[in-house]
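[1] for reference, the sequence and a predicted model appear below.
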There are 2 protein chains.
Amino acid sequence: MLIRIDPRGSEPIYQQIVRELRRAIASGEVAAGERLPAARELARSLDVNMHTVLRAYTELRDAEVIDLRRGRGAVVLEQPTAAPEVGEAVAELLEVARRHRIPLSRIHQALDEGAQR
Amino acid sequence: MLIRIDPRGSEPIYQQIVRELRRAIASGEVAAGERLPAARELARSLDVNMHTVLRAYTELRDAEVIDLRRGRGAVVLEQPTAAPEVGEAVAELLEVARRHRIPLSRIHQALDEGAQR
DNA sequence: ACCTATTTGTCCGTATGTATG
DNA sequence: CCATACATACGGACAAATAGG
């Protein structure tokens, strides 16, 4: 698997790794069930520190993209395709906003603010 | 503000710090708007590394318990009281979107489409 | 049940960058 | 411009979970 980073870019290295791995997974370069390289190994091949890769891996675990465990490594999870949940959450938010008479523009704003954190 | 940790306990130090700070905030020892000690400072007083405290602070920020910014420090947030429903619906939608890895732009679009009906 | 290798988890220390006031 | 304080990255060390023999 090939991912590339730019150590001198303004984007933090660990975020670049997250982005690249997401891309590799989304594109099918790495299939569900496959294991990503060990953190130290990937770190060596990218010439960055182990902690930097581990931080990226931890983020991907939090986002439920990989299963990351001590002694086992990072295994790519099955990615859900259909998402009725999303439609439900949208409908719920719209309903709540309507009830409180909160303008849609304010909801968009709240989403962006929430997404930033 | 007084918090205590046990460096030899099985629970990771950074989690102990998170737990203790949550307790201190919940009990009112530290009020909303007040600033927590600087990471280095608290680290020194607990005799742990700065990173360990910073990791705890970062978790509290993710949990929206504090506002943590460089140059400013960690300020305890007002716990939302009014119309928590809206915030919850937003958080829920963001969570669902994150889980399904749907980009924020797509969520905005879905909101607009849903609002039209 | 035991031992060993692998791999992440946590913590320490240090250095440099960057936003805030 | 300057001091403060978090943000990122590096390197090293040891602990703990996992898997396999």
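    Received the coordinates, thanks.
[2] mind checking the longest helix of chain A?
    Criterion DSSP state H: the longest helix present in chain A is helix A:84-99.
[3] name the helices or strands packed onto that helix?
    helix A:104-116, helix B:84-99, helix B:104-116 (3 or more CB pairs under 8 Å, 6 or more residues apart in numbering or on different chains; DSSP states H and E). From N, CA and C alone the C-beta is placed, and that goes for glycine too.
[4] next secondary structure after whichever strand or helix holds A:Arg22?
    A:Arg22 belongs to helix A:13-26 when assigned by DSSP states H and E. Next along the chain after helix A:13-26, taking DSSP H and E as the criterion, comes helix A:39-46.
[5] got the contact list for the helix or strand that that following helix is followed by?
    Downstream of helix A:39-46, the next assigned helix or strand under DSSP H and E is helix A:50-62. Around helix A:50-62, the neighbours that count as contacts under CB atoms under 8 Å, 6 or more residues apart in numbering or on different chains are A:13-15, A:17-18, A:21-22, A:36, A:39-40, A:42-43, A:46, A:66-68, A:74.
[6] before we move on, the earlier item: quick check, the helix holding A:Arg22 touching DNA strand D?
    Yes: using CB under 7 Å from any atom of the strand, helix A:13-26 reaches DNA strand D at A:Ile13, A:Tyr14, A:Gln15.
[7] in PyMOL, select just the buried ones from the residues you listed.
    Buried members of the residues of helix A:13-26 next to DNA strand D, defined by 16 or more other CB atoms under 10 Å in any protein chain shown, are picked up in PyMOL with:
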select buried, chain A and resi 13+14
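[8] TSV for the residues of helix A:13-26 next to DNA strand D, including distance to DNA strand C?
    Output for the residues of helix A:13-26 next to DNA strand D, formatted as TSV (distance: CB to the nearest atom of the strand, whole Å):
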residue	distance to DNA strand C
A:Ile13	12
A:Tyr14	13
A:Gln15	14
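[9] okay, angle between the longest helix of chain A and helix A:104-116 too, please.
    Compare the direction of helix A:84-99 with that of helix A:104-116 by axes from the mean of the first three to the mean of the last three CA atoms, to 10 degrees and you get 130 degrees.
[10] number of residues surrounding the residue in chain A that DNA strand D sits nearest to?
    Closest residue of chain A to DNA strand D, CB to the nearest atom of the strand: A:Gly71 (2.6 Å). The tally of other residues near A:Gly71 (other CB atoms under 10 Å in any protein chain shown) stands at 4.
[11] phi, psi for it please.
    Backbone torsions for A:Gly71, taken as degrees, to the nearest 10, come to phi 80, psi -20.
[12] give me the domain ranges for chain A.
    Following automatic domain parsing, chain A resolves into domains at A:13-76, A:84-115.
[13] ok, of the ones you listed, where does mean pLDDT dip lowest?
    Ranked on mean pLDDT, the bottom entry among those is domain A:84-115, at a mean of 80.
[14] and chain A, which residues reach chain B?
    Residues of chain A lying near chain B by CB under 8 Å from any CB of the partner chain: A:22, A:26, A:63-65, A:79-80, A:83, A:85-94, A:96-97, A:99-100, A:102, A:104, A:107-108, A:110-112, A:114-115, A:117.
[15] buried sites along the longest helix of chain A?
    By neighbour count with 16+ other CB under 10 Å, helix A:84-99 contains the buried residues A:Glu85, A:Val86, A:Ala89, A:Val90, A:Ala91, A:Glu92, A:Leu93, A:Leu94, A:Val96, A:Ala97.
[16] format those residues as CSV; extra columns: distance to A:Val53.
    Listed next are those as CSV, based on distance: CB to CB, whole Å:
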residue, distance to A:Val53
A:Glu85, 31
A:Val86, 30
A:Ala89, 32
A:Val90, 35
A:Ala91, 39
A:Glu92, 37
A:Leu93, 36
A:Leu94, 40
A:Val96, 40
A:Ala97, 41
